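[1] pasted the sequence and its predicted model underneath.
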Protein chains: 2
Amino acid sequence: MTHTLISSPQKEVVIGFDRPFTMIGERINPTGRKILAAEMKQGDYSRVEADAIAQVQAGAQMLDVNAGIPLADEPAILAEAIRRVQAVVDVPLCIDSSIIEALEAGLAVYQGRPLVNSTTAEEEVMERVLPLVKKYDAAVVAISNDETGISEDPDVRFEIAKRIVERAQDYGIKPQDVVVDPLVMPIGAIGQAGQQVFQLVRRLREELKVNTTCGASNISFGIPSRHGINNAFLPMAIASGMTSAIVNPLHEGLVKSVHAADVLAGNDSNCENWISHYREPPKEGEAAGGNRSARRSRRRRA
Amino acid sequence: MTHTLISSPQKEVVIGFDRPFTMIGERINPTGRKILAAEMKQGDYSRVEADAIAQVQAGAQMLDVNAGIPLADEPAILAEAIRRVQAVVDVPLCIDSSIIEALEAGLAVYQGRPLVNSTTAEEEVMERVLPLVKKYDAAVVAISNDETGISEDPDVRFEIAKRIVERAQDYGIKPQDVVVDPLVMPIGAIGQAGQQVFQLVRRLREELKVNTTCGASNISFGIPSRHGINNAFLPMAIASGMTSAIVNPLHEGLVKSVHAADVLAGNDSNCENWISHYREPPKEGEAAGGNRSARRSRRRRA
């Protein structure tokens, strides 16, 4: 059974076929968030800290931290963001950058065993990222594209993922420490994007025996009522064998859909997690979220 | 490609691997509905008619009609219910009874090509139901249990389904006209019930090449916040290849989760159905249902 261990000083998360699905909170990312980008650049991490706390309260078991701000000192900002986040929440982190120096700065300050996001199959990227992953004994996200871009053919994406897993082994990184991102394309542009990724996840699990992740919200890019698509996508991906995803846990219904899929995939023993969150049936029309503390307090009053 | 054609005088529904998932409304069933049972027994079909209209408005493409009332004249009541329902809605029906005489009475009055619900693999049942299905050129639901009961082993349930499909062929009924119900067990009692049914549906589709259906809400029997489980179960079943289910389309979020799964399964060309229902993003906290007419009128005001 494939287990990818990620840790903070206080907590271990195991991504695995027989484990509850791992939700990695996506919010700490200045891409498309002008105010957050400006604040981080000026050394104001209050929003980063608030986003970290809110996502963990909503149900994220890990957080992604990205500091991709144009014309800023990304290594320094990413390192500081990681320090700040680790000071306010106890979940393990995903260190996210396309700049190697930023990954290294993040790895140098991180306490625990992080997930490095990411390498592709591009030679130049693998040659620089994989030694870092080995040096810090981290796990790594492997994105299934290479110098030729992203193939629409799931078989090609499978072969590219396999190539990264094999190359990682050359660097002494075990396959269980490579979490493959099969690349989720927008269903509004590519009508077969859902089926492609479901098939690919199944093959990655059954043949390559690796854990998988994805940027889940990509699937609904550009179409209306995105949450409705996302909240069906995750159970379908889980039914196909996906074991983690980078998501926004604050989106209505998302955490609940994942908790339900955990029950149905047989990864919530005796429905214990489900019952602890959702014991009280929601009232007619009530939006049932995954906020554990809110639900707990409601139960106490009952 | 397997296609099961069901029809009313006004509409054809094709259950198929490459078609939108077929939602069969479950509400017209007096089991556990004392008031409805009493009304039907007294010849008052007003609630039956209202339930028929509401379910179709909510998004059901077919309706199940059951008249199982203890100590009542079930054949006469079922036939009358079918007449009344066909007078107020234009969708095809599923004629549902465990009493052969009731199935025959329903078949005799039905206009179009119905789905007969159901036969099991019990010899006595197959011998009586299958000739009726052939006589009326109907399609039939095949429930995968036999004289020995319901097996917890998915391989046994597969073999039982195969036996019904083969026996149906002896009676001149094509495999495409047999819709297999793999039997959904409560996840609260059997922790592997979800995985069992997903695997079984996949085998039924890939090896036996038949359409599938189920009583979807069984999965969540006895556990809290059932809708949350049901609304994740259907996308997972669809990802596994299920092509129809008997559901309550009035339950919050259910129709939307199926419409989203259709998009993701590649069975909503250019997201046309999705966009026609959900073009306007729901407001924060708003419950987004599948009520087409409500959504249309809201769009007009915008």
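    Happy to help now that I have it.

[2] which stretches of the stretch 51-200 of chain A form strands?
    Per DSSP state E, counting those that start in this stretch, the stretch 51-200 of chain A carries strands over the ranges A:62-66, A:93-96, A:115-119, A:139-143, A:178-181.

[3] the fourth one pairs with which strands, parallel or anti?
    Meaning strand A:139-143. Strand A:139-143 has its sheet partners listed here by DSSP bridges as strand A:115-119 (parallel), strand A:178-181 (parallel).

[4] any idea which of these is most buried?
    Among the strands paired with strand A:139-143, the stretch with the highest mean neighbour count (mean count of other CB atoms under 10 Å in any protein chain shown) is strand A:178-181, at a mean of 27. Any C-beta I mention is one placed from the backbone N, CA and C, and that applies to glycine too.

[5] where in chain A is pLDDT low?
    Within chain A, the stretches with pLDDT under 70 are A:280-302.

[6] and if we set it to 90?
    The model of chain A has pLDDT under 90 over residues A:1, A:152, A:280-302.

[7] what are the ranges of the helices in it?
    Under the criterion DSSP state H, chain A carries helices at the ranges A:34-41, A:46-58, A:74-88, A:100-109, A:123-135, A:154-170, A:193-203, A:226-239, A:254-264, A:272-278, A:292-301.

[8] export the fourth one to PDB, keeping only CA atoms.
    Put plainly, it is helix A:100-109. The C-alpha coordinates for helix A:100-109 follow below in PDB (Å, rounded to 0.1, in the frame of the first residue of the first chain):
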ATOM      1  CA  ILE A 100      14.200  26.700  -7.600                       C
ATOM      2  CA  GLU A 101      15.800  29.200  -5.300                       C
ATOM      3  CA  ALA A 102      12.400  29.800  -3.700                       C
ATOM      4  CA  LEU A 103      11.900  26.100  -3.200                       C
ATOM      5  CA  GLU A 104      15.300  25.900  -1.500                       C
ATOM      6  CA  ALA A 105      14.700  28.900   0.700                       C
ATOM      7  CA  GLY A 106      11.300  27.300   1.800                       C
ATOM      8  CA  LEU A 107      12.900  23.900   2.400                       C
ATOM      9  CA  ALA A 108      15.600  25.500   4.500                       C
ATOM     10  CA  VAL A 109      13.200  27.000   7.000                       C
END
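
[9] buried stuff in it?
    A:Ile100, A:Ala102, A:Leu103, A:Glu104, A:Ala105, A:Gly106, A:Leu107 (16 or more other CB atoms under 10 Å in any protein chain shown).

[10] the third one now?
    Neighbour counts using 16+ other CB under 10 Å place A:Glu74, A:Pro75, A:Ile77, A:Leu78, A:Ala79, A:Glu80, A:Ala81, A:Ile82, A:Arg84, A:Val85, A:Gln86 of helix A:74-88 among the buried residues.

[11] same check, this time on the fifth one
    For helix A:123-135, the buried set under the neighbour-count rule, 16+ other CB under 10 Å, comprises A:Val125, A:Met126, A:Val129, A:Leu130, A:Leu132, A:Val133, A:Lys134.

[12] what about it, distance to the chain center?
    20 Å (CA atoms, centre = their mean, to the nearest Å).

[13] so it versus strand A:115-119, what angle?
    Computed with axes from the mean of the first three to the mean of the last three CA atoms, to 10 degrees, the direction of helix A:123-135 lies at 160 degrees from that of strand A:115-119.

[14] give me the helices and strands touching helix A:123-135, please.
    Secondary-structure packing of helix A:123-135 (3 or more CB pairs under 8 Å, 6 or more residues apart in numbering or on different chains; DSSP states H and E): helix A:100-109, strand A:115-119, strand A:139-143, helix A:154-170.

[15] distance to B:Ile69 for these - can I get that in a markdown table?
    Listed next are those as a markdown table, based on distance: least, CB to CB, whole Å:
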| stretch | distance to B:Ile69 |
| --- | --- |
| helix A:100-109 | 67 |
| strand A:115-119 | 59 |
| strand A:139-143 | 58 |
| helix A:154-170 | 52 |
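
[16] please identify which of the ones you listed is closest to A:Gln57.
    strand A:115-119 (20.9 Å; CB to CB).

[17] that closest one to helix A:154-170, inter-axis angle?
    Computed by the same axes, to 10 degrees, the angle separating strand A:115-119 from helix A:154-170 equals 120 degrees.

[18] then strand A:115-119 to CSV, C-alphas only?
    Output of strand A:115-119 as CSV, limited to C-alpha atoms (Å, rounded to 0.1, in the frame of the first residue of the first chain):
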residue,chain,number,x,y,z
LEU,A,115,5.7,18.2,0.0
VAL,A,116,7.6,20.1,-2.7
ASN,A,117,5.3,21.5,-5.5
SER,A,118,6.7,20.7,-8.1
THR,A,119,8.8,19.1,-10.7
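
[19] tell me how far it lies from the chain's centre.
    Here the centre of strand A:115-119 is set off from its chain's centre by 10 Å, with CA atoms, centre = their mean.

[20] okay, A:Asn270 and A:Val14: tell me how far apart.
    Separation of A:Asn270 from A:Val14 (CB to CB, to the nearest Å): 19 Å.

[21] what about these two, which has more around it?
    Each of A:Asn270 and A:Val14 has its neighbours counted (other CB atoms under 10 Å in any protein chain shown); A:Val14 has more, 18 against 10.

[22] number of residues surrounding the nearest residue to the more buried one once chain neighbours are set aside?
    What sits nearest to A:Val14 in space, not counting adjacent residues and going by CB to CB, 6 or more residues apart in numbering or on different chains, is A:His3, at 5.0 Å. Number of residues near A:His3 (other CB under 10 Å) recorded here: 14.

[23] OK, contacts around A:His3?
    By CB atoms under 8 Å, 6 or more residues apart in numbering or on different chains, the contact set of A:His3 is A:Val14, A:Ile15, A:Gly16, A:Arg19, A:Gln176.

[24] now swap in A:Ile160 and tell me
    A:Ile160 sits in contact with A:Ala121, A:Ser144, A:Asn145, A:Asp146, A:Ser151, where contact means CB under 8 Å, 6+ apart.

[25] could you dump these to CSV with distance to chain B?
    Putting the contacts of A:Ile160 into CSV (distance: CB to the nearest CB, whole Å) gives the following:
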residue, distance to chain B
A:Ala121, 26
A:Ser144, 19
A:Asn145, 22
A:Asp146, 26
A:Ser151, 18
